[in-house]
Structure formats: C-alpha cells, structure tokens
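Trainee: The sequence isn't on hand, but the structure is:
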C-alpha cells in the first residue's frame with residue numbers, strides 16, 4: 001500500500017513538472033554542407049577545401065525536462081567530405097614523379113596540377129540540450145547546444161597528379177599518377193569523429209526547421225599520404241613521406257533539416 005502511494009505521488013509530481021507528454025520523436029530530412037579543414041602543415045598542402053553538399057536525415061528522440069527546456073538525442077545518416085582542386089606539390093615529390101626532370105629557371109610546380117577528394121558515410125549521433133520559447137500554442141522557436149559522435153561506415157578517396165605541359169605529360173601519365181579506392185579506417189582516416197554542435201530552429205504546428213553547425217575537435221586524418229596518393233610510384237610516395245607532413249584535418253559542417261515532431 002505504501003509503495004502504491006509513493007508511485008502515485010511520483011506520477012502526479014512528474015505530470016506537474018514535466019507536463020503530460022514529455023517524450024517526442026522527430027523524423028528529419030535535409031541537407032548537409034561539409035568539409036575537412038586542414039591544419040598545421042596540411043593547411044599549406046591541401047589549401048582551401050571545396051565543401052560537399054549532401055542529403056542527410058534520421059530521427060531525433062526528445063525529452064522535455066520542463067515546458068521550455070529539453071534534451072535531444074539523434075541518430076542520423078550523414079555523408080561528409082570535400083574536394084581539393086589546388087594542391088601544393090612539394091618539389092621533392094615532383095622530382096621523384098618526373099625522374100629528376102628540370103629546366104633551368106622553370107618551376108615545375110607552375111606546370112603541374114593536383115586534385116584530391118574524399119567522402120565518408122557516417123552514422124551521426126548528436127546529443128544536445130535546448131530551450132524552447134513558445135510564441136503561442138502552435139508556434140515556438142528554439143536553440144540547442146551540445147556535441148556529436150560520428151562513426152564512419154565506409155568511404156572513398158581520389159587523388160590525381162597531372163600536367164598539360166608536353167614534356168612533363170610523358171612523366172605524369174594520369175593513369176599512372178592517380179588513385180581511387182575505398183577508405184581504410186585506422187590507416188588513412190580515423191573512424192570516429194567527435195565535436196561540438198550549436199543551432200536554432202522554429203516549430204510551427206509540429207513541423208520543425210532546424211539549422212545546426214558542427215565543429216570537429218578530433219582529427220579525422222591519420223595518414224594523408226596513403227589516403228590520397230597510395231597509387232603513385234613507391235619512390236614518389238617515399239619522398240612525400242620523408243617530408244613528414246603534419247597530417248591533421250578537422251570536420252566542419254552545417255545541416256538544414258525539416259522534420260515533424262510526434263508527441264506521445
């Protein structure tokens with residue numbers, strides 16, 4: 001009898017504090033714009049990334065702590081990556097690729113182009129706390145902040161070194177100096193990405209529009225040489241590895257997702 005009374009009091013207290021329906025699920029779908037921002041030596045090597053625009057979506061599981069405060073845990077599919085269309089190629093690397101070819105007064109870098117790109121498919125797990133401001137019974141705006149963990153499922157990478165200069169093109173055959181293949185986690189890229197999230201949105205009659213920004217704190221690159229250039233001759237790869245590049249790169253992304261909050 002005493003146990004039943006305590007349980008009844010807990011139900012009454014929960015209803016008063018949390019409201020009648022503290023749980024909700026929000027299916028979402030939208031777009032993500034992502035890139036890997038290089039750092040250290042890699043920043044000069046990869047230059048400015050060209051972001052990828054991709055579809056993303058999943059489920060958010062929400063719990064209302066009070067009428068205004070809530071927490072949200074999501075499980076989403078997200079593809080992230082970027083392209084680099086203006087790579088800097090170190091002279092030592094070019095010497096190996098071209099067999100020591102050179103002309104007095106000519107900078108080979110001026111006649112050589114290099115490109116690279118990668119994409120990784122993630123299970124994206126955002127965890128945020130938020131505040132909802134109710135404009136009226138059916139319209140509210142909200143802000144969120146928290147973190148994320150993303151687990152890489154698979155991915156692909158591409159790298160290419162070429163030249164349109166007649167003499168150099170014989171050394172830099174695109175078929176020989178290019179590489180495309182599957183990403184090897186714990187070798188090329190790291191499987192787990194961790195970072196911070198912040199965002200805001202609006203809800204109208206249960207329909208939500210949510211914007212978030214993700215800032216990666218853990219480098220997703222493990223070895224940029226094998227990630228992008230494992231297909232080049234061994235001598236050239238050894239020359240690039242001897243430069244000992246500081247291989248660090250951090251994910252940056254924004255998402256814009258439309259959803260519908262289903263309250264239980």
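Mentor: Structure's in. What do you need? Everything numeric here is computed off the predicted structure, so don't read it as measured data.
Trainee: Okay, strands next: where are they in the stretch 51-200 of the chain?
Mentor: For the stretch 51-200 of the chain, the strands defined by DSSP state E, counting those that start in this stretch occupy 69-84, 113-134, 139-162, 178-182, 192-204.
Trainee: Residue 217: which of those is closest?
Mentor: Nearest to residue 217 among the strands of the stretch 51-200 of the chain is strand 192-204 (4.8 Å), distances taken as Cβ to Cβ. For every residue, glycine as well, the C-beta is placed using N, CA and C.
Trainee: That closest one: what's the following helix or strand?
Mentor: Downstream of strand 192-204, the next assigned helix or strand under DSSP states H and E is strand 207-216.
Trainee: Pull out the buried residues from that following strand.
Mentor: 208, 210, 212, 214, 216 (16 or more other Cβ atoms under 10 Å).
Trainee: what's the angle from that strand to strand 69-84?
Mentor: 60 degrees (axes from the mean of the first three to the mean of the last three Cα atoms, to 10 degrees).
Trainee: Using CSV, lay out the strands of the stretch 51-200 of the chain together with mean neighbour count, mean pLDDT and distance to residue 220.
Mentor: Below are the strands of the stretch 51-200 of the chain laid out as CSV (neighbours: other Cβ atoms under 10 Å; pLDDT from 0 to 100; distance: least, Cβ to Cβ, whole Å):
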stretch, mean neighbour count, mean pLDDT, distance to residue 220
strand 69-84, 19, 94, 9
strand 113-134, 19, 91, 8
strand 139-162, 18, 90, 8
strand 178-182, 14, 69, 16
strand 192-204, 17, 97, 5
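Trainee: Would you mind giving those as TSV with distance to residue 63 added?
Mentor: Shown next, in TSV, are these (distance: least, Cβ to Cβ, whole Å):
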stretch	distance to residue 63
strand 69-84	5
strand 113-134	10
strand 139-162	13
strand 178-182	39
strand 192-204	16
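Trainee: Figure out which of these is closest to residue 58.
Mentor: The closest of the strands of the stretch 51-200 of the chain to residue 58 is strand 69-84. By Cβ to Cβ, the value is 3.1 Å.
Trainee: what is the orientation angle of the closest one with strand 113-134?
Mentor: 170 degrees.
Trainee: quick revisit: and the strands of the stretch 51-200 of the chain: which comes nearest residue 44?
Mentor: Once these are compared by Cβ to Cβ, strand 69-84 is nearest, at 11.9 Å.
Trainee: rewinding a little: what's the closest of the buried residues of strand 207-216 to residue 120?
Mentor: residue 216 (11.9 Å).
Trainee: so what's that closest one up against?
Mentor: 193-195, 250-252 (Cβ atoms under 8 Å, 6 or more residues apart in numbering).
Trainee: where does the nearest residue to it once chain neighbours are set aside land on pLDDT?
Mentor: In space, and not counting its chain neighbours, residue 216 is closest to residue 251: 3.6 Å by Cβ to Cβ, 6 or more residues apart in numbering. Looking at residue 251, its pLDDT reads 94.
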